[in-house]
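Visitor: From the sequence below, what's the structure:
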Amino acid sequence: MNDISETLQPSRPQVDVHPMGDSDLPVTARTTLGIVLACMLLAMAPWVLDLAALRFTTDFLVYLSLAVIWNLLGGYGGLISVGQQAYVGIGGYVFFVSLAFLGLPLPVAILAGMVVSAAAALVFAPLLLRLKGPHFAIGTWVMAELCMLAVANMPYLGGGSGMSLPASVAREIATDRAGREAVIFFCALLLAFSAIAGSYLLLRSKWGLALTALRDSERAAESLGVDTRMIKLAVFIGCSAMAGAVGCVVFLSKLRMTPDSAFSLIDWTAYVVFIVIIGGIGRIEGPIVGTIVFFALRGSLADLGPLYLIVLGLVAIFVMLKAPQGLWGLIAERYKIEIFPVQRRL
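Guide: Modelled structure (predicted):
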């Protein structure tokens, strides 16, 4: 039981951590350049992949974005949330309303989804951030359920039946399906790039140092002058805004949404937590490895029906018992590899 509980505690490499200096700049530049080059390579996908493979790659990037966001929130911020589906749903509904009813351009509609999701997080924060540990987790889940019930009782948003994106709006985005899939893919790629690069640059900054100190010991961080409440608020709102952006991309690809699909605990939080735990919580590389494993399992076990979820649960339990630091933690310890170094040197 202790091994399982320790899994949700992010890995903490035994190194001295100091504010980033000039000697660290080449490390940051090399890693950032590597992220940019990887994105440039992925950007060729619409020209080399068929529609099915392109949709698969888009789904991969969507879950990778959510996993990186959740890892920053829970793995580095110590805020173990099971209510991120609230902001995915809010972002998706605001996005649909912005496109279908207000006639806003696609980028502005996505921005609106992000802003409203961030505003919702700002409203919820005074209550949720007073809670700690399991109380915070349950509080985020209850808040997400309240959001779903509120949306389901709004006739303007289609109530329990949901709403669809009009065909005329879809044609404005792209004249054919191939063009629309390409647009959705580039949106997902931008989100994944922003999530990974943003997390890395944040953790290499003095704010990342304060965030890591907060995670390791909130009381000790406060004694050193860290404004822990402000940092938790900033991370909570920022991750909520990014989750709202993911909701925009997800339902742009589906062209339809209902309260159940928009605020799905399994799709937008349970799978994401599984990904982060399998890959390694508290490491930027963890969500990347976890997403690869998740999609490999999903592709090979899709024909099992309900047994698929049971197998995922067994895999998660096995990894938590045998490798509490996640798969990437095992690789990093054995081969001394670190793709995203966030420690600062003397």
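
Visitor: ok, now which ones touch Ala170?
Guide: Listed by C-beta atoms under 8 Å, 6 or more residues apart in numbering, the contact partners of Ala170 are Arg180, Leu255. From N, CA and C alone the C-beta is placed, and that goes for glycine too.

Visitor: correction: Val88
Guide: Contacts of Val88 by C-beta under 8 Å, 6+ apart are Leu66, Ala243, Gly244, Val246, Gly247, Val250, Ala262, Phe263, Trp268.

Visitor: Among those residues, which ones are in helices?
Guide: Secondary structure from DSSP state H places Leu66, Ala243, Gly244, Val246, Gly247, Val250, Ala262 of the contacts of Val88 in helices.

Visitor: What about the third one, how many residues nearby?
Guide: If I follow you right, that is Gly244. Neighbour count for Gly244, taken as other C-beta atoms under 10 Å: 32.

Visitor: all numbers from here: first residue = 46
Guide: Okay, residue one is now 46; in that scheme the one you just asked about reads as Gly289.

Visitor: any idea how far it lies from Thr273?
Guide: Counting by C-beta to C-beta, to the nearest Å, the gap from Gly289 to Thr273 is 25 Å.

Visitor: Looking at the contacts of Val133, which is nearest Glu226?
Guide: For these, the closest approach to Glu226 (C-beta to C-beta) belongs to Val295, at 13.6 Å.

Visitor: Need the per-residue pLDDT for Gly79.
Guide: On the pLDDT scale, Gly79 is placed at 82.

Visitor: Please, which helix or strand holds it?
Guide: Per DSSP states H and E, Gly79 falls inside helix 70-87.

Visitor: State the mean pLDDT of the following helix or strand past that helix.
Guide: Next helix or strand after helix 70-87 toward the C-terminus (DSSP H and E): helix 90-93. If you average the pLDDT over helix 90-93, you get 93.

Visitor: in helix 90-93, what's buried?
Guide: In terms of neighbour count (16 or more other C-beta atoms under 10 Å), helix 90-93 has its buried residues at Ala90, Pro91.

Visitor: Just the CA trace of that helix, in PDB.
Guide: Taking only C-alpha atoms (Å, rounded to 0.1, in the frame of the first residue of the first chain), the coordinates of helix 90-93 have been written out as PDB:
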ATOM      1  CA  ALA A  90       2.600  14.900 -41.200                       C
ATOM      2  CA  PRO A  91      -0.400  16.200 -43.200                       C
ATOM      3  CA  TRP A  92       1.700  15.700 -46.400                       C
ATOM      4  CA  VAL A  93       3.000  12.200 -45.600                       C
END
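
Visitor: Show me what it is packed against.
Guide: helix 96-115, helix 222-248 (3 or more C-beta pairs under 8 Å, 6 or more residues apart in numbering; DSSP states H and E).

Visitor: Can you name every helix or strand that the first one contacts?
Guide: In terms of contact count using 3+ C-beta pairs under 8 Å, 6+ apart, helix 96-115 is assigned the packing partners helix 90-93, helix 222-248, helix 273-299, helix 316-324, helix 330-346.

Visitor: Between helix 96-115 and the third one, find me the angle.
Guide: Read that as helix 273-299. On the basis of axes from the mean of the first three to the mean of the last three C-alpha atoms, to 10 degrees, helix 273-299 is oriented at 170 degrees to helix 96-115.

Visitor: Helix 316-324 and helix 273-299, what's the angle between them?
Guide: Helix 273-299 runs at 110 degrees relative to helix 316-324, counting by the same axes, to 10 degrees.

Visitor: contacting residues around Ser209?
Guide: For Ser209, the contacting residues are Leu300, Arg301, by C-beta under 8 Å, 6+ apart.

Visitor: how far does the helix holding Gly79 sit from the chain's center?
Guide: Distance of helix 70-87 from the chain centroid (C-alpha atoms, centre = their mean, to the nearest Å) equals 20 Å.

Visitor: who touches stretch 235-242?
Guide: Stretch 235-242 is contacted by residues 77, 80-81, 84, 106-107, 109-110, 113-114, 117, 287, 290-291, 294, 329, 333 when judged by C-beta under 8 Å, 6+ apart.

Visitor: Gly205 contacts Met199, correct?
Guide: No. Look at Gly205 against Met199 with C-beta atoms under 8 Å: they stay out of range, at 10.0 Å.

Visitor: May I see the buried residues of stretch 244-258?
Guide: Buried residues in stretch 244-258, counted by 16+ other C-beta under 10 Å: 244-250, 253-258.

Visitor: where does this protein dip in pLDDT?
Guide: For the chain, applying pLDDT under 70 flags the ranges 46-73, 388-391.

Visitor: From Gly137, how far out is the spatially most central residue of it?
Guide: With distances taken as C-alpha atoms, centre = their mean, the residue of the chain nearest its centroid is Leu111 (1.9 Å). Using C-beta to C-beta, Leu111 is found at 13 Å from Gly137.
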